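Visitor: got a predicted model here, sequence first, then my questions.
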Amino acid sequence: MPELSNFTAEFFKALAHPLRVKILDGLRSGEVGVNDLSARLKVEQSTLSRQLSVLRSSNIVVGRQQGQNVFYSVRDPEIFRLLDDARRIFNNHLIDIQDLLSQLAPSPPASPPGTGREPDK
């Protein structure tokens with residue numbers, strides 16, 4: 001089913017930016033105003049607005065205007081489970097890499113017999 005594959009690829013492209021992931025993490029506790037989100041993430045509002053626009057066009061977040069302020073929230077809280085699962089997968093991958101690297105690391109040289117000296121570090 002190519003439509004579903006295309007939709008899935010586009011969905012993940014929308015998540016493929018570190019600031020967008022930070023934005024979603026910033027929305028975990030619920031709706032947040034742009035000014036507050038900008039201050040929390042320490043990014044300029046123009047940069048934040050560009051990334052929110054991508055998330056909005058992918059139907060990942062929704063905006064609500066109240067007077068001069070815009071408040072954002074996630075459309076479906078299941079996105080947090082997806083992000084948490086991705087972090088677990090990434091963490092598992094890092095653990096595997098660390099294990100592999102520890103197996104490849106050279107062992108410290110042994111002391112010559114009878115010297116009782118520790119090897120130099």
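Guide: Structure received. Numbering: from 1, shown residues only.
Visitor: buried stuff in stretch 33-49?
Guide: Buried residues in stretch 33-49, counted by 16 or more other Cβ atoms under 10 Å: 34, 37-38, 41, 43, 48. Any C-beta I mention is one placed from the backbone N, CA and C, and that applies to glycine too.
Visitor: ranges for the helices of this structure?
Guide: Counting by DSSP state H, the chain forms helices over residues 2-14, 18-26, 34-41, 45-57, 78-104, given from the N-terminal end onward.
Visitor: and the angle from the longest one to helix 2-14?
Guide: I take that to be helix 78-104. In this structure, helix 78-104 runs at an angle of 70 degrees to helix 2-14, with axes from the mean of the first three to the mean of the last three Cα atoms, to 10 degrees as the basis.
Visitor: residue 66: which of the helices of the chain is closest?
Guide: For those, distance to residue 66 was read as Cβ to Cβ. The smallest value, 11.1 Å, belongs to helix 34-41.
Visitor: contacts for that closest one?
Guide: Helix 34-41 is touched from outside by 19, 22-23, 26-27, 32, 44-45, 48-49, 52, 69-72, with contacts defined as Cβ atoms under 8 Å, 6 or more residues apart in numbering.
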